[in-house]
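**Student:** I'd like to go over a predicted model; first the sequence, then the structure.
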Amino acid sequence: MKWFTILILAIVIALTILAALPFASGHAEDETSPIFGVKIPAGYRDWRLISVAHEEGSLNDLRAILGNDVAIRAAREGKPPFPDGTIIARLAWNYDPLEESSKAFGHLQSFVAGPPKNGVQFMVKDSSKYASTGGWGFAQFNDGKPADAAVQNTCFPCHAIVKARDFVFNRYSP
């Protein structure tokens, strides 16, 4: 009887813990960006590469532009607009000189990705939901937490300059 009581108690505790998990704070994947309500897409780091970029000026970073399957198909076709369901991710890192290249070549020649920079950003295509911003929802997450509304408000005005390419700066790099 004693073992039966312990077993029942253990099951009750386990079920209580499992029931409480969805309400636990600190789960970045459950947090949404202000304004657009975008969440961090599961598995986005396993998406395929659309393009790479080096941003100069005050940003001075290296970027990888990734896309879900819908984004990859559309980017390869190269004929905007992107269909609903497209999600594009931008990852950025410091643009750091590789000191060893100076020894090998006599001058700095190679630059590599350093620490992550400017969070991870997403563009989500939903023509109905985001009609006022060209059909795109935008998000930035810093250390897994959504950036504030002031940051989100800067996305669409910046992307408006590339309206002819459906508000997407990058191009598919075969």
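**Tutor:** Structure received.
**Student:** quick one: terminal-to-terminal distance for stretch 31-50?
**Tutor:** Distance between the boundary residues of stretch 31-50 (Cα to Cα, to the nearest Å) amounts to 26 Å.
**Student:** What lies in contact with it?
**Tutor:** For stretch 31-50, the surrounding residues in contact (Cβ atoms under 8 Å, 6 or more residues apart in numbering) are 28-30, 64-68, 71-72, 75, 87-89, 91, 120, 122, 124, 130, 133, 137-141, 144-149, 152-153, 170, 172-173. For every residue, glycine as well, the C-beta is placed using N, CA and C.
**Student:** Please verify my assumption that residue 97 contacts residue 110.
**Tutor:** Yes. Between residue 97 and residue 110 there is a contact at 7.4 Å, judged by Cβ atoms under 8 Å.
**Student:** Following the chain onward from the longest strand along the chain, which element is next?
**Tutor:** Ranked by residue count, the top strand of the chain under DSSP state E comes out as strand 111-125. From strand 111-125 onward toward the C-terminus, using DSSP states H and E, the following helix or strand is strand 136-142.
**Student:** Just checking: what are the partner strands of that next one?
**Tutor:** Strand 136-142 has the following strand partners under DSSP bridges: strand 111-125 (antiparallel), strand 145-146 (antiparallel).
**Student:** tell me which residues in whatever helix or strand residue 150 lives in are buried?
**Tutor:** Element membership of residue 150, judged by DSSP H and E, is helix 149-152. Using 16 or more other Cβ atoms under 10 Å as the test for burial, helix 149-152 gives 151-152.
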